[in-house]
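> could you work out the structure for the sequence below:
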Amino acid sequence: MSEDDQHFVEEDNSEDDKFEENLEKQYALYPKASNKRPESKHGRPESSKFSYKKQEQQTIEQQPKLLEAIPTSPALKKFNQLVSFHKIQIEQFWKNHTIMASQTEFIGFLLESGFQFEQYEINSILSDLTNDRGVITIESLCKKVPAWHQNENAMLEFIREKALKLAQESKRKFSAQKKPKPQSASTKRSGFNKGESRPISGISKKYQSGFSDLKISNINDRPLQNKSKHYLQLAKQRQQEEDRLLQLTINQGKNEYEYEMLIKMGEANELSQELDSKITYRAYKTAQGHLKVHVYELEHFQRDLTLEEFQREYNILRSKYNEKKKLKIWEVLSEKKKNQKSLQHFGSSQKEEIKQNEVDAKVANKKERQQELKKVLLETMMLSNVLKEQLVVLNRKGINAILNQSVKL
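Numbers count the residues shown, from 1 in each chain. Modelled structure (predicted):
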């Protein structure tokens, strides 16, 4: 071989080898497509069973999975068991008119259906059934409770019929309210003349003629919602009138008793002078309006007495005076009897006035004026009693006699 041939072979071999190596490297980078069946353990190709199983597995994987078809908590499992055992239909359990219900409404469904769960079980059931919007739908309930898997479509149809029935009932009520009511015979019809109206019966004519001049409170003309309010106001006014009459009676008895004590107070001062005692009694009214008796000895305050205590002290003074004057027992009794008769006569007249107040409200107003006059008289007597006591004190000191002599001169 000549030198030229040898040089050509060396150059050709070097370039071709590099090109083939680069081509093999680039070809190895791409994945090889193989339509051959995978070999078995024994090195033989798999049969047609392999392709069938592979297609079946792909079909199962492509099918939509049931979302939480099995209860996810023991409480929901217990709920499913109770539904299956008692054969409770979803139409009986779901009381709402829509396909959604709040958590509070769902708890009401549980209680109405007779389910008894603890609070943590109810919370667990609600957390399993509630969606992202915080409500429970029929779809989620039917999917998560196996006993109601097949009832979703039937329940949706049931709710649709219920809503349609409710809408028809409301439409019927609205049309019944909108329909005009028939007019009575005595009511004047529109489009009729006065002479064309239907004649009324003789009884109605007599009734209208007999009561046409009277003005009766037209309660029936008021709307229906105001009748009860009107009757309640009348009952309240009647109760206030009874309370006012009762308070008037109590005040009247109290004033009569105080008036009697003032008279006895003046008698006690006279008895004290007859017995040569230095004690005097004066009326005093507290800030609360109660009448009390102040006891003075030589113009020095000693103590205060209630009206009951003063009554006992008055009786003691009276007995001492009777012993001093040596009055006979029948004289004392006859005087007491006269006083009792006068008091009984006075009390009977007052009772008649009280009855008259209860019968007629006008007389009650008159009695109120009399009561005010009696109060003024009571205060006047109290003032005269004080003036009388002061006059006695001045006479003791001789000041009044000196003034009388100066006036005469």
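> any low-confidence regions in the stretch 1-150 of the chain?
Where the stretch 1-150 of the chain drops to pLDDT under 70, the residues are 1-17, 26-72.
> how does it look with 50?
For the stretch 1-150 of the chain, applying pLDDT under 50 flags the ranges 7-10, 63-69, 71.
> at which residues are the strands of it located?
Using DSSP state E, counting those that start in this stretch, the strands found in the stretch 1-150 of the chain span residues 100-101, 136-137.
> and these as JSON lines, adding mean neighbour count?
From N, CA and C alone the C-beta is placed, and that goes for glycine too. As requested, the strands of the stretch 1-150 of the chain are exported to JSON lines (neighbours: other Cβ atoms under 10 Å):
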{"stretch": "strand 100-101", "mean neighbour count": "18"}
{"stretch": "strand 136-137", "mean neighbour count": "21"}
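> out of those strands, the one nearest Gln150 is which?
Of all the strands of the stretch 1-150 of the chain, strand 136-137 sits nearest to Gln150, with 16.8 Å by Cβ to Cβ.
> what pairs with the closest one, parallel or antiparallel?
Strand partners for strand 136-137, identified by DSSP bridges, are recorded as strand 100-101 (antiparallel).
> what kind of secondary structure is Gln303 in?
Quick fix: residue 303 is Arg, not Gln. State at Arg303, reduced to three classes by DSSP: H, G, I helix; E, B strand; the rest coil: strand.
> could you do Gln288 as well?
Using three-state DSSP, the structure places Gln288 in coil.
> low pLDDT regions in the stretch 151-300 of the chain?
191-192, 194-195, 206-207, 210-222, 224.
> just the strands in it please.
Using DSSP E, counting those that start in this stretch, the strands of the stretch 151-300 of the chain run over 279-285, 291-297, 300-305.
> mind listing what Lys278 touches?
Ser272, Glu297, Leu298 (Cβ atoms under 8 Å, 6 or more residues apart in numbering).
> now with 7 Å, please.
Counting by Cβ atoms under 7 Å, 6 or more residues apart in numbering, Lys278 makes contact with Glu297, Leu298.
> please report phi then psi for it.
Main-chain torsions, Lys278, degrees, to the nearest 10: phi -90, psi 10.
> measure it to His290 for me?
Distance, Lys278 to His290, using Cβ to Cβ, to the nearest Å: 27 Å.
> run a quick neighbour tally on Leu141.
20 (other Cβ atoms under 10 Å).
> about what we covered before: dump the strands of the stretch 151-300 of the chain into JSON lines; add mean neighbour count and distance to Phe117 as well.
Converted to JSON lines, the strands of the stretch 151-300 of the chain look like this (neighbours: other Cβ atoms under 10 Å; distance: least, Cβ to Cβ, whole Å):
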{"stretch": "strand 279-285", "mean neighbour count": "18", "distance to Phe117": "71"}
{"stretch": "strand 291-297", "mean neighbour count": "17", "distance to Phe117": "71"}
{"stretch": "strand 300-305", "mean neighbour count": "12", "distance to Phe117": "73"}
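> can you redo the ones you listed as a markdown table with distance to Val386?
Output for the strands of the stretch 151-300 of the chain, formatted as a markdown table (distance: least, Cβ to Cβ, whole Å):
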| stretch | distance to Val386 |
| --- | --- |
| strand 279-285 | 6 |
| strand 291-297 | 11 |
| strand 300-305 | 14 |
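> closest to Lys18 out of those?
strand 279-285 (137.2 Å).
> ranges for the helices of the stretch 201-350 of the chain?
202-210, 224-274, 307-325, 329-359 (DSSP state H, counting those that start in this stretch).
> returning to that earlier point: right, so of the strands of the stretch 1-150 of the chain, which gets closest to Glu91?
Nearest to Glu91 among the strands of the stretch 1-150 of the chain is strand 100-101 (14.1 Å), distances taken as Cβ to Cβ.
> show me what the closest one is in contact with.
Applying Cβ under 7 Å, 6+ apart, the external contacts of strand 100-101 come out as Val135, Ile136, Thr137.
> can you list these in JSON lines and add distance to Trp94?
Shown next, in JSON lines, are those (distance: Cβ to Cβ, whole Å):
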{"residue": "Val135", "distance to Trp94": "13"}
{"residue": "Ile136", "distance to Trp94": "10"}
{"residue": "Thr137", "distance to Trp94": "11"}
